[in-house]
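1. show me how the following folds:
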Amino acid sequence: MKSQYPTYDFVCFSDLAFEFQTSDSKEVEVKIKRKLILYNLGTYDQKRVDYIRNFKNDLYQEISKSKESKYFETASKVSDYDEYSDFNFDKMINDYRKKYSKIKPSDLYDMVNYAIYLYNLK
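-> Numbering: from 1, shown residues only. Now for the predicted structure:
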């Protein structure tokens, strides 16, 4: 059974996901620090946050390409709206797992899933 509390990495990612300008970084980092304290997940680690920020930026750049993304699949469309199945989720997970090996597979899965929703479907 999955814990009701998020992990360190997902806490960071969930706030970083809304950071689109470098001027937002200090504000986002304050939010992360608060959540880490709230969930008792340990001390703030700038290197770790920057690592997750790089991961988020890579995901954002790839997913926002939509149909031009190397993970986009042109499956037979039932509707004109984007869906999760438009992306080769397994390939994304495998590729990003290799590139960002410091992120636990379960967190990586959750982050990619959230990013597809946030950057493409929402």
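
2. ok, longest helix in this structure?
-> When the chain is parsed with DSSP state H, its longest helix is helix 46-63.

3. now do the buried residues in it.
-> Within helix 46-63, the residues that count as buried by 16 or more other CB atoms under 10 Å are 48, 49, 51, 52, 53, 55, 56, 59, 60, 62, 63. C-beta: built from backbone N, CA, C; applies to glycine.

4. pull up the per-residue confidence for the fourth one.
-> At residue 52, the predicted lDDT confidence score is 98.

5. without its sequence neighbours, what residue ends up closest to it?
-> residue 12 (4.6 Å; CB to CB, 6 or more residues apart in numbering).

6. and the second one, by the same measure?
-> Taking CB to CB, 6+ apart as the measure, residue 49 lies nearest to residue 12, with 5.3 Å between them; neighbours along the chain are not counted.

7. isn't the one you found right next to residue 46, touching?
-> No - the pair residue 12 / residue 46 is not scored as a contact, 10.7 Å apart, by CB atoms under 8 Å.

8. and the host helix or strand of residue 35, what does it pack against?
-> Using DSSP states H and E, the element containing residue 35 is helix 25-38. The contact analysis (3 or more CB pairs under 8 Å, 6 or more residues apart in numbering; DSSP states H and E) places helix 25-38 against helix 8-16, helix 46-63.

9. follow-up on the earlier one: how close does the residue nearest to residue 52 sit to residue 72?
-> Distance from residue 12 to residue 72, counting by CB to CB, to the nearest Å: 27 Å.

10. ok, residue 18 next?
-> 23 Å.

11. quick one, which of these two is more surrounded?
-> Taking neighbours as other CB atoms under 10 Å, residue 18 and residue 72 compare with residue 72 leading, 17 against 12.

12. can you name the residues that contact that one?
-> 65, 66, 86, 87, 88 (CB atoms under 8 Å, 6 or more residues apart in numbering).
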